[in-house]
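Chemist: whatever this is, show me its structure:
(chains A and B)
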Amino acid sequence: MRHKLLQQRFGLMWLGYLVAIFAWYASVKWLPISSFQRLPDPLTVVIEWFNPDPDYGLSVFTVDYYLHIWYSTARATTSFLLAVMLGVPLGIMMGWRARVHEYASALLSILRPIPPLAWVPVAILIFPGSEPAVIFVTFLVAFFATTMNTLLGVRSIDSDYFRAAECLGAKPADILRDIIIPGALPSIFTGLQIAMGAAWFSLVAGEMIAAQYGLGFMILESYNLVQYPTIVIMMVTLGIVGYLSSAIIRVVGNRLMRWREQSLGLAGA
Amino acid sequence: MTDAAQILKTTADSGLGHLSVQHVHKVYDPHGVHVEALQDCSLEIPSGDFIAVVGPSGCGKSTLLNILAGFDNLTGGRVLLDDEPLATVDHAPRPGPDRVVVFQNGALFPWKTVLQNVVYGLLVQKRMPESEANDLGMELLAKTGGLDRIANSFPGQLSSGMQRRVEILRALINNPRILLLDEPFRAMDTVSKTTMHRHLLDIYDQYHKTVFFITHDLDEAIFLADTVVVMTTRPGTIKLRLDVDLPRPRTRETITSHRFLELKQQAVSAVHEEAKKAFERGERELA
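Modeler: Residues are numbered from 1 along each chain as shown, chains lettered A, B, ... in the order given. This next block holds a predicted model:
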């Protein structure tokens, strides 16, 4: 039964891809708008992507391709980890201690709406070299998403859990470990997924402006060098890498929150 | 000594759990809206007694429980526990394992298994090593209608009645001087409620803890308690104290017995009077 259902879902997934690829092909080949014809068609892209001797220098058989992925992934991961290390504790303290919230929330609510791109000039000015600047800009958005979701997560914990724990003799350290962290975990992981998405988003923007390697850099560079198939290859690669990174977070989250699956009757799903 | 029953009987046998509420006042927001929740509330609860507090919504019965638990302070009078001051105007107690609350909507930690919930108090208080606590928890669960079979389930997998039983055990295992039950069966249907009464009385007959039980259901109060106290609507004070001399163990026949109806008759007009007042004021529960 479930097997069949999965098969059906799998089939629909491929159907979705096929429709998208066909629409792409059709718009390049048959659309009577000449500018659309600058876009390489799917076949050209796939051939270039898997070409042992690529026309524009980048395919799965070249070292550079992986170097770009490596640079972007390393930047995104560094920013993400920094954001988690600073954002989760800050969010927890803001949700738990009213005083920390007073201090931090005014500042955060002004800084948060500033788009990551607006930080780029300042980042380039204050950091030595472009690498820390790109990481800083990427870190910022991920940090805000992590902090806010952690804060919301702590706030959403039923106050009876705190009271019950105190009745049973829990001290603040116990409450942090046994109530706040597990209680906020679902929301924290939602925040981490948003943070990862936001990290990739601003990373690519940052790389386009200040970097010599990376997927974002290569997309703009290929545009400048009129290597259009490479643009598409890099975009699809970005999609895959981004998907994998949030899938990892989801898997880790489900691991840590077995109790939710079990309680919802989804054990083993 | 690892016998659960043995350990849990110690406070009852030693005569601990005697609660004395003396002229307690509680005013919320004294310099602003000035809401009087409790007014000159006095109550003696002997050790090991099961007391049920009945009153309309907003009569301050939850406020009283919160003061006993240490969630709220009082603004007049005092509370003694075993002849020592527990709460005074200058001193609100911290919540602690000698006065454990069972909550209206249930507060089992959903991320911990039944056994982890039950032994939580013992572990955070560092009363015993984990293995010993687990043994004791399993023993207590097994003694309570074979609940040890669900020891590794998560609360979300259990019915609300089952959750309540586990929560009562989680409180009981700490060997508290008083159990504070805040309308624990409020959201249940009649059949589940009856079953839960049976389970609660089994536990009470076995361990004889002082129980402070809040409800707005008079039948429930008379069926369970040694003493039923009717509170007035706000400002809450004690309107009626009824000694329930129905023999224990109480059974299904108790509810239809002549004495039960007699007692109910004595209390029912007091309850209705206050309920009507509260209804006409159209107030919602304070805390």
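Chemist: the residue in the stretch 51-200 of chain B positioned nearest to chain A: how many residues sit nearby?
Modeler: Relative to chain A, the nearest point of the stretch 51-200 of chain B is B:Gly156 (2.4 Å; CB to the nearest CB). Yep, even glycine has a C-beta here, placed from its N, CA and C like the rest. By the other CB atoms under 10 Å in any protein chain shown criterion, the neighbourhood of B:Gly156 contains 16 residues.
Chemist: any idea how far A:Arg99 is from it?
Modeler: The gap separating B:Gly156 from A:Arg99 is 34 Å, by CB to CB, to the nearest Å.
Chemist: ok so the residue of the stretch 51-200 of chain B closest to chain A is a helix residue?
Modeler: Yes: counting by DSSP: H, G, I helix; E, B strand; the rest coil, B:Gly156 is located in a helix.
Chemist: isn't it right up against A:Gln262?
Modeler: Yes: between B:Gly156 and A:Gln262 a contact is recorded at 6.9 Å, counting by CB atoms under 8 Å.
Chemist: quick one: name the residues of the stretch 1-150 of chain B near chain A.
Modeler: Applying the criterion CB under 8 Å from any CB of the partner chain, the portion of the stretch 1-150 of chain B that neighbours chain A consists of B:69-71, B:94-97, B:99-101, B:103, B:105, B:107, B:109-113, B:120-121, B:124-125.
Chemist: output the longest helix belonging to the chain.
Modeler: Using chain A here. helix A:63-96 (DSSP state H).
Chemist: you looked at the wrong chain, it should be chain B
Modeler: Among the segments of chain B that qualify as a helix by DSSP H, the longest is helix B:258-281.
Chemist: what about it, average pLDDT?
Modeler: If you average the pLDDT over helix B:258-281, you get 86.
Chemist: hang on, the earlier thing: return the set of buried residues in the longest helix of chain A.
Modeler: Of the residues in helix A:63-96, those with enough neighbours to count as buried (16 or more other CB atoms under 10 Å in any protein chain shown) are A:65, A:68-69, A:71-73, A:75-76, A:78-80, A:82-84, A:87-88, A:90-96.
Chemist: list buried residues within the residues of the stretch 1-150 of chain B next to chain A.
Modeler: Using 16+ other CB under 10 Å as the threshold, B:69-71, B:95-97, B:99-101, B:103, B:107, B:109-113, B:120-121, B:124-125 are the buried ones among the residues of the stretch 1-150 of chain B next to chain A.
Chemist: next step: the residues you listed restricted to strands.
Modeler: With DSSP state E as the criterion, strands contain B:99-101 from among those.
Chemist: which one among those gets closest to A:Thr230?
Modeler: For those, the residue nearest A:Thr230 by CB to CB is B:Val101; the value is 65.1 Å.
Chemist: what stretches of chain A score poorly on pLDDT?
Modeler: Low-confidence segments of chain A, defined by pLDDT under 70: A:1-2, A:263-269.
Chemist: residue numbers of it in contact with chain B?
Modeler: Proximity of chain A to chain B is assessed by CB under 8 Å from any CB, with A:158, A:160-161, A:163-171, A:174, A:178-179, A:182-183, A:185, A:257, A:259-260, A:262-265 identified as the residues in range.
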